[in-house]
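**Student:** Model the structure of this input:
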Amino acid sequence: MTSSKASCSFLRIYLIIVSCLAFQCNADDQISTLFVNASHGSGRPIPNTLFGIFFEEINHAGTGGLWAELVNNRGFEAGGRQFLSNIDPWTIVGTESSVLVQTELSSCFEHNKVALRIDVLCDKCPSHGVGISNPGFWGMNIVKGKKYKVVFFVRSIGALDMTISFRKAQDGEILASSNVKDSALEVSNWKRMETTLEATASSFNSNLALTTTQKGKIWLDQISAMPVNTFKGHGFRSDLVEMMLQLKPAFLRFPGGCFVEGKTLRNAFRWKDSVGPWEQRPGHFGDVWNYWTDDALGYFEGLQLAEDIGAAPVWVFNNGISHTDEIDTRVIAPFVQEALDGIEFARGKATSTWGSLRASMGHPEPFNLKYVGVGNEDCGKLNYHGNYLAFYNAIRRVYPDIQIISNCDASLKPLDHPADLYDYHTYPFEAQRMFSNARVFDKTPRNGPKAFVSEYALIGEKQAKQGTLLGAVSEAGFLIGLETNSDHVVMASYAPLFVNAHDRMWNPDAIVFDNNQAYGTPSYWVQYMFRESNGAIFLNSQLRNTDLNSVAASAILCHNPQNNSTYLKIKIANIGNNKVKLKISLDGFGSKIGTASTKTVLTSKNALDENSFLDPKKITPQQSQLKSLSNEMNVIIPPVSLTVFDMLR
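**Tutor:** Numbers count the residues shown, from 1 in each chain. Just a heads-up that it's a prediction; the model follows:
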């Protein structure tokens, strides 16, 4: 009896162990399934505006970045109109005994009166001259064989004999040089001077020097140095625009963001100060991001950039509210008129008041402005509701076709005011939260204004850092949710787009640059992998036998205009630490899948890996041929990855 019971107990334990091992084995081998209905007429169109980009003057994104101007503080205004002689980052060339510089309110320009006076004291000046030097934005990038146009305004007591040169910061080696001369009569009053320099050598750490060996007094103002070759000749840095173009953006939201609001209204961006001749623009101190901008990349340039990259402009203007002060609705009329004037500048005939200014700037035809944002993140502030309605009613009356965007979130409850679109921002600190936000619009009513997700990103030092793989994949899950809800979400853009590596006011960002190089963070490459979604057909699909908190998928039909063909694109985001064995089951796609079908994977060894200048392509999409070609395919989805299958018929 005892022996028999012991044997039975041993057998029972053995069977339990075997059963557990078998269960564990089955769990490890468990295959998830993605069912995709690709039959004709089964999907719905995705808006052709869904994915675009958002430019804000933050992180020196435009000043010292996208805008190709090399000179920093070209009008000597950055120290403030009441704080003269602060000419940072300009420095003197020579000794205090040979040259003296000071600022004066003596410029010929009405809105930027500060000019620089140079007293040349030496009777026998050094052969290389004395004067002033500008380092640009953490060094000027001068490239051998390229040409640069230098423009400046000058007056002098006596004849002018100046050397304009680019020099290496380290040893003063001259990279390009030009001599400018004029008679005393010609420069007795302010005069515009222009010269072109061609570099005979290269250096990414250079400066611009204006020097003379002639004793006397010289006044200088509005000194500009620009590469002759910019994107379409419109002043934009070509390599950065090319990275924007790779995303195939449907729209460009600009110029902010908090930049539009300002900490105080006195420092808010005002479009009228950013148009007209560049030398007459007063510039302003962006007190939110804490640097001076001469506003050379102004309202006109934002519209021009949108046109140049084939994107719809989305103009955000100040609604009388900053971070710390507000205009009462009873006296908001001047701000409303400013917005109406801004729309006329973009869309008015060349004979209209503001349209004629646009025409004088070289663009007689109207810009295609159809979207405006009334402020930024101002919902809930004391005067927003009243101010918004004043703008809405005025714009709707004059421009009934323009889509007006409210700052108030309507994803959970309806708005209490009219709007065509509402602005939705999300910046979670946890990847799981970012990923789960994919479902935030699942239950949003479809009978109100549409959603514009104009700012999204995973942030924080723990998981996002300066742009990690984990952050990017969590955003990919969110974007899959936006595709799923694209009957309600009609526009979305990551933020911020750019960061100068020398001024990281905000992390992470999509594109990192300095004066001579740039790379995309993993978040940039996620946007790249979603770029074909605009205007595609969203297909019904369903994931089964998997953790929906870590895996998300979508399927779309895309059109290839080059050969007029249609192909299936399946995107799968996995933020889990384990690989996923997935069976893709296609219904209605056709009996054969083309051999040119591909698989593209964005992943890395470590979830917190980042790209850098030392390794800019550490995390980039890797494409390979898709080997198993059938309507029933077993695939492996790596941990922490975005995988895209492009299947051709």
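
**Student:** Residue 254 and residue 316 touch, don't they?
**Tutor:** Yes - Residue 254 is in contact with residue 316 according to C-beta atoms under 8 Å; the separation is 7.0 Å. Glycine gets a C-beta too; all of them are placed from N, C-alpha and C.

**Student:** From residue 283, how far off is residue 338?
**Tutor:** Shown here: residue 338 relative to residue 283, a distance of 18 Å by C-beta to C-beta, to the nearest Å.

**Student:** Kindly report the same for residue 154.
**Tutor:** For residue 154, the distance to residue 283 equals 20 Å [C-beta to C-beta].

**Student:** If you count surrounding residues, which of residue 338 and residue 283 has more?
**Tutor:** Taking residue 338 and residue 283 together and counting by other C-beta atoms under 10 Å, residue 283 has the greater number of neighbours (22 against 15).

**Student:** Chain neighbours aside, what residue packs nearest to that one?
**Tutor:** Spatial nearest neighbour of residue 283, chain neighbours left out: residue 294 (4.0 Å); criterion: C-beta to C-beta, 6 or more residues apart in numbering.

**Student:** before we move on, what about residue 172?
**Tutor:** In this structure, residue 172 finds its nearest non-sequential neighbour in residue 128, 7.3 Å apart by C-beta to C-beta, 6+ apart.

**Student:** Identify the residues contacting the residue most central in space within the chain.
**Tutor:** The chain has residue 497 as the residue nearest its centroid, 2.5 Å off, counting by C-alpha atoms, centre = their mean. Shown here is residue 497, whose contacts under the criterion C-beta atoms under 8 Å, 6 or more residues apart in numbering are 53, 54, 55, 56, 61, 244, 509, 510, 511.

**Student:** pLDDT wise, what is residue 84 at?
**Tutor:** pLDDT for residue 84: 67.

**Student:** One more: residue 460?
**Tutor:** Listed pLDDT for residue 460 reads 98.

**Student:** I figured it hits residue 431, correct?
**Tutor:** No - here residue 460 lies out of contact with residue 431, judged by C-beta under 8 Å, at a distance of 9.5 Å.

**Student:** So the two - more neighbours on which side?
**Tutor:** Neighbours around residue 460 and residue 431, counted as other C-beta under 10 Å, are more numerous at residue 431. The numbers are 25 against 15.

**Student:** mind checking how far residue 375 is from residue 339?
**Tutor:** With distances taken as C-beta to C-beta, residue 375 is found 10 Å from residue 339.

**Student:** what's across from residue 284 in the sheet?
**Tutor:** Taking DSSP bridges, one obtains residue 293 as the residues bridged to residue 284.

**Student:** With residue 243 as the reference, measure out to it.
**Tutor:** From residue 284 to residue 243 the distance is 27 Å (C-beta to C-beta).

**Student:** In stretch 554-563, which residues are buried?
**Tutor:** Within stretch 554-563, the residues that qualify as buried by neighbour count (16 or more other C-beta atoms under 10 Å) are 554, 555, 556, 557, 558.

**Student:** Could you point out which of the residues you listed is nearest to residue 639?
**Tutor:** Minimum distance to residue 639 across those is 19.5 Å, recorded for residue 554 (C-beta to C-beta).

**Student:** Check which helices and strands the helix or strand harbouring that closest one sits against.
**Tutor:** Element membership for residue 554 (DSSP states H and E) is strand 551-560. The criterion is 3 or more C-beta pairs under 8 Å, 6 or more residues apart in numbering; DSSP states H and E, and the helices and strands that strand 551-560 contacts are strand 32-37, helix 469-484, strand 537-544, strand 565-574.

**Student:** Reformat the ones you listed as a markdown table; add mean neighbour count, distance to residue 89 and mean pLDDT.
**Tutor:** Rendered in a markdown table, the data for these read as follows (neighbours: other C-beta atoms under 10 Å; distance: least, C-beta to C-beta, whole Å; pLDDT from 0 to 100):
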| stretch | mean neighbour count | distance to residue 89 | mean pLDDT |
| --- | --- | --- | --- |
| strand 32-37 | 19 | 56 | 95 |
| helix 469-484 | 27 | 34 | 98 |
| strand 537-544 | 18 | 51 | 96 |
| strand 565-574 | 22 | 44 | 94 |
